[in-house]
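Visitor: I would like to see how this sequence folds:
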Amino acid sequence: MERGDDYTKRRKHLEKLSDEELKKYFWELVDKIVGPLVDEAKTHTSPSIERSILLRMGFSSIEAKGIVNILLDRGLLGHGAGNIVYKAAQKNGIDIRSAGIGLLDGRYIGELDQ
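Guide: Numbering: from 1, shown residues only. Here you go, the predicted structure:
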């Protein structure tokens with residue numbers, strides 16, 4: 001059975017493009033495809049995503065769950081758990097781990113609402 005391939009017809013608009021123009025066109029198409037995904041990621045998160053980020057920052061799963069729950073209860077999860085821990089560390093001149101543990105211990109809770 002012969003395949004009715006229409007590749008030669010579909011590539012007509014690309015024939016006269018240089019390598020540089022093809023690269024540019026390729027990246028334009030990639031931006032069209034990936035752009036909506038990036039936009040979605042900027043505005044939507046979940047507790048599991050935020051726990052995963054904290055795990056990659058060096059927190060245990062129990063610590064990550066506790067931090068995420070604190071932020072979720074305060075309606076701050078949309079700001080990003082990792083971002084909030086990072087900013088708490090910067091504001092207090094401490095390392096990231098100490099900031100996260102401090103949030104769990106209630107030390108920086110008042111700063112979250114500001």
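
Visitor: In this protein, where is pLDDT below threshold?
Guide: Counting by pLDDT under 70, the chain shows low-confidence ranges at 1, 3, 113-114.

Visitor: from the middle of its chain, how far away would stretch 93-109 be?
Guide: 22 Å (Cα atoms, centre = their mean, to the nearest Å).

Visitor: What are the contacting residues of that stretch?
Guide: By Cβ atoms under 8 Å, 6 or more residues apart in numbering, the residues outside stretch 93-109 that reach it are 54, 57-59, 63, 66-67, 70, 84-86, 88-89, 92, 112. C-betas here are computed from N, CA, C, even on glycine.

Visitor: now do stretch 4-21
Guide: Contacts for stretch 4-21 (Cβ under 8 Å, 6+ apart): Leu22, Tyr25.

Visitor: Ends of that stretch, what's the gap?
Guide: End-to-end distance of stretch 4-21 (Cα to Cα, to the nearest Å): 29 Å.
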